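Engineer: Please find the sequence and the predicted model below.
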Amino acid sequence: MRALRRDLTAALVALVVLTLVLGLGYPLLVTGIAQVAFPGAANGSLVRDGAGRVIGSRLLGQGFGGRARDFQSRPSQTGYSASATAFSNAGPNDAATRAAIAASARAYLRRERPYDPALTRAAIPPDAVQTSASGVDPHISVANARIQTHRVATARGLPLARVERLIAAHTDGRALGLFGEPGVNVLTLNLALDEEGSR
């Protein structure tokens, strides 16, 4: 009986100590280091407008209402809700997936072809018609951005070359220079275009 009580006491002490160290101390330490070393990233990489209001995050995609003057994000299965990120997990042979991609392609052509009459369905980049795994990917491919350039430049009354330079300035490279593909951050690009128009 005494040995059992000793074992239970040791287990209880270990539980309390480990809970305090790993459940409270370690997270507070890591959070503190992150706040000091990387305050922007630790707080969500928030993007603010000129008045200091939060208008989004560099890490989360958002919808831009289909406005002709803005670059559009890739489709989202969750309506760009960061609180419910998800994907369908359906394969390419799934009828609903094929139908959704076809609908996205038709919408993309309706939006872009008036500004680029030579655009065909075969030329549409995959990210323009397929959702990302999270549904809130903040990037589009460079190819997708280049197609949208014609519409945005026309709607904003800017030279095509100027919009292309802004795309290059807001293109993030491969992770660690090796992984993934370069991507254009849609939110920061649209904000840069807004600033360009206000000059």
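Structural biologist: Cool, the structure landed.

Engineer: mind checking the end-to-end distance for stretch 56-64?
Structural biologist: Taking C-alpha to C-alpha, to the nearest Å, stretch 56-64 runs 12 Å from one end to the other.

Engineer: repeat for stretch 171-181
Structural biologist: This stretch, stretch 171-181, spans 10 Å end to end (C-alpha to C-alpha).

Engineer: Offset the numbering so it begins at 48, please.
Structural biologist: With 48 as the first residue, the last one maps to stretch 218-228.

Engineer: Residues contacting it, please?
Structural biologist: Here stretch 218-228 makes contact (C-beta atoms under 8 Å, 6 or more residues apart in numbering) with 186, 188-189, 192, 229-232. In short, each C-beta sits where N, CA and C put it, glycine included.

Engineer: Now do it, average pLDDT.
Structural biologist: For stretch 218-228, mean pLDDT rounds to 81.

Engineer: mind listing what's buried in that stretch?
Structural biologist: Using 16 or more other C-beta atoms under 10 Å as the test for burial, stretch 218-228 gives Thr218.

Engineer: go on, stretch 172-181?
Structural biologist: For stretch 172-181, by 16+ other C-beta under 10 Å, it's 172, 174-179, 181.

Engineer: Domain parsing of the chain, as residue ranges.
Structural biologist: Following automatic domain parsing, the chain resolves into domains at 49-88, 92-244.

Engineer: what's the next secondary structure element after the lowest-mean-pLDDT helix or strand in the chain?
Structural biologist: Lowest on mean pLDDT, DSSP states H and E among the helices and strands of the chain sits helix 86-89, with a mean of 66. The helix or strand immediately downstream of helix 86-89 is strand 93-95, counting by DSSP states H and E.
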